[in-house]
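Undergrad: predicted structure and sequence below. I'll ask about it afterward.
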Amino acid sequence: MPIARLTDAELDAALAELPRWSLRADGLALEADLKFADFNAAFGFMTRVAIYAEKADHHPEWFNVYNTVRVTLTTHDADGLSQRDVAMARFIEGVV
Ligand SMILES: C[C@H](O)[C@H](O)[C@H]1CNC2=NC(N)=NC(=O)C2=N1
């Protein structure tokens, strides 16, 4: 089922609220580069996000190298950004 895309105003508000996150060049995703103390901390973070993702049925795209995780949030069912991405970014800010 399609999900509503963020309006320009909603997107501006989300970017203001989430300083660690930036808009991908194509405007269809939020990105953040996160750094942790070590691999254990990075993988612990990914585990917490994975549990959220399963509950929310909303899944991140991410790339992990040792203590870094590059996270990309987009809503496939919206072909762009939705409030689900904002909610996930907020959750991530609470556990990072
Ligand atoms: C069938 C299932 O509910 C959908 O494919 C869900 C799963 N996880 C998802 N994750 C993300 N990031 N976007 C989606 O549109 C999405 N859709």
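TA: Perfect, I can see it now. Numbering: from 1, shown residues only.

Undergrad: contacts, neighbours, all on C-alpha from now
TA: Will do.

Undergrad: count the neighbours of Pro19 for me.
TA: 9 (other C-alpha atoms under 10 Å).

Undergrad: which stretch of helix or strand covers it?
TA: Using DSSP states H and E, Pro19 is not contained in any helix or strand.

Undergrad: and if you look at Phe45?
TA: Assigned by DSSP H and E, Phe45 belongs to helix 39-56.

Undergrad: buried residues, that helix. List them.
TA: Phe39, Ala41, Ala42, Phe43, Phe45, Met46, Val49, Ala50, Tyr52 (16 or more other C-alpha atoms under 10 Å).

Undergrad: which residues of the protein lie near the ligand?
TA: Asp57, His58, His59, Pro60, Thr74, Thr75, His76, Asp77 (C-alpha under 6 Å from any ligand atom).

Undergrad: distance to Leu6 added to the residues you listed, as TSV?
TA: Below are the residues of the chain next to the ligand laid out as TSV (distance: C-alpha to C-alpha, whole Å):
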residue	distance to Leu6
Asp57	18
His58	16
His59	18
Pro60	17
Thr74	11
Thr75	10
His76	13
Asp77	13
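
Undergrad: please pick the buried ones from those residues.
TA: For these, buried by 16+ other C-alpha under 10 Å: His58, His59, Pro60, Thr74, Thr75.

Undergrad: which of the residues you listed fall in strands?
TA: Among these, DSSP state E puts none in strands.

Undergrad: using CSV, please lay out those together with pLDDT.
TA: Shown next, in CSV, are these (pLDDT from 0 to 100):
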residue, pLDDT
His58, 98
His59, 98
Pro60, 98
Thr74, 98
Thr75, 98
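
Undergrad: what's the local residue count around Arg90?
TA: Arg90 has 14 nearby residues by other C-alpha under 10 Å.

Undergrad: packing partners of the helix or strand hosting it?
TA: In this assignment (DSSP H and E), Arg90 forms part of helix 83-95. Here helix 83-95 touches helix 39-56, strand 68-73, going by 3 or more C-alpha pairs under 8 Å, 6 or more residues apart in numbering; DSSP states H and E.
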